[in-house]
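Q: With the input below, show me the fold.
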Amino acid sequence: MEDALRYADDHQDRFTGELEELLRIPSISTDPEYADDVQQAANWLASHLRSVGLAGVEVCQTDGHPIVYGEDLRAGEEAPTVLVYGHYDVQPPDPLELWDSPPFEPTRQNGDGHAEAIYARGACDDKGQMFMHVKAAESYLAADGEGGALPVNLKFLIEGEEESGSVHLAPFIEDHKDRLDADVVLISDTGMFAEGVPSITYGLRGLAYVEVTLTGPERDLHSGLFGGAVENPANALARLIAGLHDADHRVAVEGFYDDVQDLTDEERQTFQKLPFDEADWREEISLKESKTEAGYGVLEAVGARPTLDVNGLASGYQGEGAKTVLPAKASAKISCRLVPDQTPDDIAAKLERYFEKHVPSTMRLEFERLHGGQPALIDTESDAMQAAADAMEGVYGRRPFFTREGGTIPVVADFKNLLGLDTVLMGFGLESDAIHSPNEHFGLGRFREGIQSIIRFHQRYAERR
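A: Residues are numbered from 1 along each chain as shown. Just a heads-up that it's a prediction; the model follows:
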């Protein structure tokens, strides 16, 4: 391990330059116009995995974008096997005019009071964090100059559709169970609590995403000629949406909380110990005051309680100036973040019953389920989670917090359901890294610390096993 740590430090500048090469490829999975670029990124990554000494490297074609696989199994049958998951696709960079530099021309700069960072789409989510695992493997394999050895068996599964729903990932896992057999999954696609405050995510919220449409008249109508005699779909939908929460900011859908696991006293105490300044948090997002479910603090609300939010509204005239129109239809996109033991299908069904019960007789209801993901909760006392804590403590000089995160990573549930594997979520991003937004960036110090932590994890996990 010590040789690998030294190798990583000695070659850090080269590692960063190689990451910049990958970041220049606009691998936007959601836009068909970039399909060739996504393929190019997969090919580049496969070539790089071969160059660092991994075997069995393959660009696996799917009905969508390819999955890149590679492995090193020389640690032998007595050693544990770690399956590393990441993704090489990225979000669209729009709006381009809000970027300080072109999104696919990586630049190194200081910003927002932080140390030097690399600015580009995908810098943090997830090319930079995924690439840390590749460089950690290289550091072991090349440490002694003649071909070193990893303390664990290592497998890479890197997909190109995470930002467009991972449609073909679960079928791929199902079809390659033997090939993907492992003891644990290791993912860096999450964040730390704060700069210099290491944390490991042990809980993720799930997701139920739906679209609701109310249709009244067959076409948009003149509001002077018809207003007062025709019920307005926009007005009707606004009333239904207003009824989705009560005065305590609890979701008012019948049965919504039936399966929710309450937070334990220990979990609530951990939230209170985290170095969180609510005033600074509000100031960062220009918020006058927070609004949480009654009885819960901000961190509990965003990390460990279920939610229901309108993500988009559409109805009527949206252009400049005035147009006195009574719209024919109104629609809303609604997402629910879920916690154990809620399920996407059950929550979507309860939402549908709510709208069916309250839709006016003057309206036709359309209810579409768009997307879902299972919540996850991981045992913090497992060998792998404790090895991750050991690893981060070795880098940061302090024991990491175990935290719950409000986002959703559906593949974590897929690994559990299809392979029976728990996942260690050891991420190094920050909320300020602007993932999915203009000026996304990743601190070069955290890029280095991530590589160092992963190198340590492999050794500590092998020792604990």
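Q: who does the helix or strand hosting Asp3 touch, helix- and strand-wise?
A: Asp3 is located in helix 2-10, with elements delineated by DSSP states H and E. On a contact count with 3 or more Cβ pairs under 8 Å, 6 or more residues apart in numbering; DSSP states H and E, helix 2-10 meets helix 127-141, helix 444-464. The way it works is simple: take the backbone N, C-alpha and C, and place the C-beta from them, glycine included.
Q: list the buried ones in the longest one?
A: Going back to what we said before, that points to helix 444-464. Buried residues in helix 444-464, counted by 16 or more other Cβ atoms under 10 Å: 444, 446-462.
Q: wait, Val298 sits on Phe276?
A: Yes - the criterion here is Cβ atoms under 8 Å, and Val298 meets it with Phe276 at 7.3 Å.
Q: follow-up on the earlier one: pull the residues that contact the helix holding Asp3.
A: Defining contact as Cβ atoms under 8 Å, 6 or more residues apart in numbering, one finds that helix 2-10 is touched by 15, 135-136, 138-140, 142-144, 148, 448, 451-452, 455-456.
Q: Just flag the most distant two among these.
A: Asp144 and Arg448 (21.0 Å; Cβ to Cβ).
Q: Give me the phi and psi for the spatially most central residue of the chain.
A: Centroid-nearest residue in the chain: Ile409, 5.1 Å away (criterion: Cα atoms, centre = their mean). Main-chain dihedrals, Ile409, degrees, to the nearest 10: phi -120, psi 90.
Q: go on, Ile378?
A: Torsion angles, degrees, to the nearest 10, at Ile378: phi -120, psi 140.
Q: Likewise for the one 10 residues further on?
A: Here is the backbone geometry of Ala388 (degrees, to the nearest 10): phi -60, psi -40.
Q: that older thread, ignoring the adjacent residues along the chain, who's closest to the residue nearest to the centre of the chain?
A: Once flanking residues are discounted, Ile409 sits nearest to Leu204: 5.6 Å by Cβ to Cβ, 6 or more residues apart in numbering.
Q: And the pLDDT at the residue nearest to Leu430 when sequence neighbours are not counted?
A: Nearest residue to Leu430, sequence neighbours excluded (Cβ to Cβ, 6+ apart): Gly191, at 5.7 Å. As predicted, Gly191 sits at a pLDDT of 92.
Q: Over to Ala115?
A: pLDDT, Ala115: 81.
Q: Just to check, it is in contact with Phe447?
A: No - contact criterion Cβ under 8 Å: Ala115 and Phe447 do not qualify, at 10.9 Å.
Q: Show the contacting residues for Leu365.
A: Applying Cβ under 8 Å, 6+ apart, the residues near Leu365 are 212-214, 355-356, 359.
Q: Which residues belonging to the strand or helix carrying it are considered buried?
A: Per DSSP H and E: Leu365 is located in strand 364-373. Going by neighbour count (16+ other Cβ under 10 Å), the buried part of strand 364-373 is 365, 367, 372-373.
Q: returning to what we had before: for the residue nearest to the centre of the chain, give me its contacts.
A: If you count contacts by Cβ under 8 Å, 6+ apart, Ile409 has them with 187, 189-190, 204, 373, 376, 425.
Q: which residues of this structure fall in helices?
A: With helices called from DSSP state H, the chain shows them at 2-10, 12-23, 35-51, 127-141, 169-175, 223-226, 233-242, 265-273, 278-284, 298-304, 344-358, 383-396, 410-414, 444-464.
Q: Out of the ones you listed, which is closest to His87?
A: helix 127-141 (6.7 Å).
Q: what inclination does the closest one have with respect to helix 12-23?
A: Here helix 127-141 runs at an angle of 130 degrees relative to helix 12-23 (axes from the mean of the first three to the mean of the last three Cα atoms, to 10 degrees).
Q: Show me what helix 127-141 is packed up against.
A: Helix 127-141 packs on helix 2-10, helix 12-23, strand 81-87, strand 153-159, helix 444-464, going by 3+ Cβ pairs under 8 Å, 6+ apart.
Q: Make TSV out of the ones you listed and add mean pLDDT.
A: As requested, these are exported to TSV (pLDDT from 0 to 100):
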stretch	mean pLDDT
helix 2-10	96
helix 12-23	98
strand 81-87	98
strand 153-159	98
helix 444-464	98
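Q: out of these, nearest to Gly321?
A: For these, proximity to Gly321 was assessed by Cβ to Cβ; helix 12-23 is nearest, at 42.1 Å.
Q: and the closest residue in space to Leu22 that isn't next to it in sequence, what does it touch?
A: Spatially, and ignoring its direct neighbours in sequence, Leu22 is nearest to Lys127 (5.4 Å; Cβ to Cβ, 6+ apart). Listed by Cβ under 8 Å, 6+ apart, the contact set of Lys127 reads 19, 22-23, 88, 90.
Q: Among these, which one has the most neighbours?
A: Neighbour counts for the contacts of Lys127 (other Cβ atoms under 10 Å) peak at Val90, which has 32 neighbours.
Q: about what we covered before: which of the buried residues of strand 364-373 sits closest to Tyr69?
A: Gly373 (23.1 Å).
Q: isn't that closest one right next to Asp414, touching?
A: No - counting by Cβ under 8 Å, Gly373 stays clear of Asp414, with 9.2 Å between them.
Q: Let me know the angle separating the strand holding Leu365 from helix 344-358.
A: Counting by the same axes, to 10 degrees, strand 364-373 lies at 160 degrees to helix 344-358.
Q: before we move on, the earlier item: what's the spacing between the helix holding Asp3 and its chain's center?
A: Its chain's average C-alpha position is 30 Å from that of helix 2-10, according to Cα atoms, centre = their mean, to the nearest Å.
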